[in-house]
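>>> Need a 3D model of the following:
(one chain, ligands or ions: 1)
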Amino acid sequence: MDMELMNDGPLLEIRGLKKRFGDKTALNGVDLTLESGMVVGLLGENGAGKSTLMRCILGLIDADEGEICTLGQAPSTLSASTKARIGYVPQQHYGYEGFSVERALSLHASFYPDWDPKLEQSWMKRFGLDPKAQVNRLSVGQRQSLAIIMAMAYRPSLLVLDEPVASLDPSARRRFMGDLFELALESGSAVIFSSHITSDLERVASHVALLKDGQLLIMGELDAVRESVRLLTLAEGSQLPDAYRVLGRQGNRVLVDGFRGESFPGLLGVDTVNLEQLFMELHP
Ligand SMILES: Nc1ncnc2c1ncn2[C@@H]1O[C@H](COP(=O)(O)OP(=O)(O)OP(=O)(O)O)[C@@H](O)[C@H]1O
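From the prediction side, this is the model:
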């Protein structure tokens, strides 16, 4: 897992990542590169391996095979200063139970030299969090909001968010998702977030990654994916051109990547798909 320090390289580079739990293969050869300014929306059905991928990136669990370079370092040996450049919102947030929100934030801030109190305040307002509230009395959504502030107020170079908006109401979600993209662009960070809400992903992600069977079946710029993925209806016995990559097949309907607008014998219909339809076609 040793890789050279790559300060000018990608913020995250993953090659051939494999992770098993007993006889269950969670990740089976994942390649992924995150550059500054990228906001990658990670899709995958329950149990697809999204959290596992994130936990490997952060060094919370070890990969079985492959290489990961997180901000230039192997995840198992991240230095304290590198950790201070990573923001992470896990699916469940615990900690700071006996504190008020403001006390929890000031304690948390003390670990991060780049903590920005103005950013903290503006996000507190956006989420409508009461600084005097006790952390252990926060609702699930409020607790998620607090975790987001704790992960973002120091403008991390790499932001890893595991279903960050799952418990937020639609208006809080909208505010957060819009601002997330802006912040990433402004600060030159890279963001990877998982979500089951494909409309959110379509609104803010620059890239989409879809995990299936332990691999990234799709990884690319959102617009490029929109352009090149089509649901084709084929006449019986017709042959697909070699340039197409088959993503899924149900009867005479074939989901392909690599569509360029060309026609071919036996092609009866061509439909565009949004991310939700794409997901449904891949998980019938
Ligand atoms: N610590 C563990 N021990 C055993 N199996 C695990 C462990 N962590 C994850 N798994 C298994 O690995 C697979 C991937 O789990 P993971 O939590 O990464 O999925 P996910 O895509 O994040 O799912 P969800 O959308 O439900 O959060 C699942 O089959 C899960 O049961």
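>>> Spell out which residues of the stretch 1-150 of the chain are next to the ligand.
Residues of the stretch 1-150 of the chain lying close to the ligand (Cβ under 6 Å from any ligand atom) are 21, 24, 26, 44, 46-52. For every residue, glycine as well, the C-beta is placed using N, CA and C.
>>> Show only the entries of these found in strands.
21, 24, 26 (DSSP state E).
>>> Now for the residues of the stretch 1-150 of the chain next to the ligand: which two are most distant?
Spatially, the most separated pair among those is 21 and 44, at 15.8 Å (Cβ to Cβ).
>>> Neighbour count: the two, which is higher?
A count of neighbours by other Cβ atoms under 10 Å puts residue 44 above the other of residue 21 and residue 44, at 23 against 11.
>>> ok so, going back, give me the buried subset of the residues of the stretch 1-150 of the chain next to the ligand.
Among those, those classed as buried by 16 or more other Cβ atoms under 10 Å are 26, 44, 48-52.
>>> Columns pLDDT and distance to residue 144 on top of those, output as CSV?
Below are these laid out as CSV (pLDDT from 0 to 100; distance: Cβ to Cβ, whole Å):
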residue, pLDDT, distance to residue 144
26, 97, 24
44, 94, 20
48, 94, 21
49, 95, 22
50, 96, 17
51, 95, 15
52, 97, 21
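>>> count of neighbours near residue 118?
Count around residue 118 with other Cβ under 10 Å applied: 8.
>>> And it, how far from residue 125?
11 Å (Cβ to Cβ, to the nearest Å).
>>> go on, residue 200?
Computed with Cβ to Cβ, the distance linking residue 200 and residue 125 is 21 Å.
>>> again, but for residue 159
20 Å.
>>> who has more neighbours, those two?
Just comparing residue 159 and residue 125: by other Cβ under 10 Å the higher neighbour count belongs to residue 159, 27 against 9.
>>> mind listing what the more buried one touches?
By Cβ atoms under 8 Å, 6 or more residues apart in numbering, the residues touching residue 159 are 86-88, 151-152, 180, 184, 189-193.
>>> so it is in which element?
Assessed by DSSP states H and E, residue 159 sits inside strand 158-162.
>>> Parallel or antiparallel, list what pairs with that strand.
As defined by DSSP bridges, the strand partners of strand 158-162 come to strand 86-89 (parallel), strand 190-194 (parallel).
>>> Dump it to PDB, restricted to CA.
This file holds the C-alpha atoms of strand 158-162, laid out as PDB (Å, rounded to 0.1, in the frame of the first residue of the first chain):
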ATOM      1  CA  LEU A 158     -11.100  16.200   0.900                       C
ATOM      2  CA  LEU A 159     -14.600  15.900   2.000                       C
ATOM      3  CA  VAL A 160     -16.100  12.400   2.500                       C
ATOM      4  CA  LEU A 161     -19.800  12.400   3.200                       C
ATOM      5  CA  ASP A 162     -21.700   9.200   3.800                       C
END
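>>> Quick check: mean pLDDT of it?
Mean per-residue pLDDT for strand 158-162: 94.
>>> Report all helices and strands that the next helix or strand after that strand contacts.
Sequence order places helix 170-187 as the next helix or strand after strand 158-162, per DSSP H and E. Packing contacts for helix 170-187, counted by 3 or more Cβ pairs under 8 Å, 6 or more residues apart in numbering; DSSP states H and E, involve strand 39-43, helix 117-127, helix 140-152, strand 190-194, helix 198-204.
>>> possible to save the ones you listed as JSON lines with mean pLDDT?
As requested, the helices and strands packed on helix 170-187 are exported to JSON lines (pLDDT from 0 to 100):
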{"stretch": "strand 39-43", "mean pLDDT": "95"}
{"stretch": "helix 117-127", "mean pLDDT": "92"}
{"stretch": "helix 140-152", "mean pLDDT": "91"}
{"stretch": "strand 190-194", "mean pLDDT": "94"}
{"stretch": "helix 198-204", "mean pLDDT": "88"}
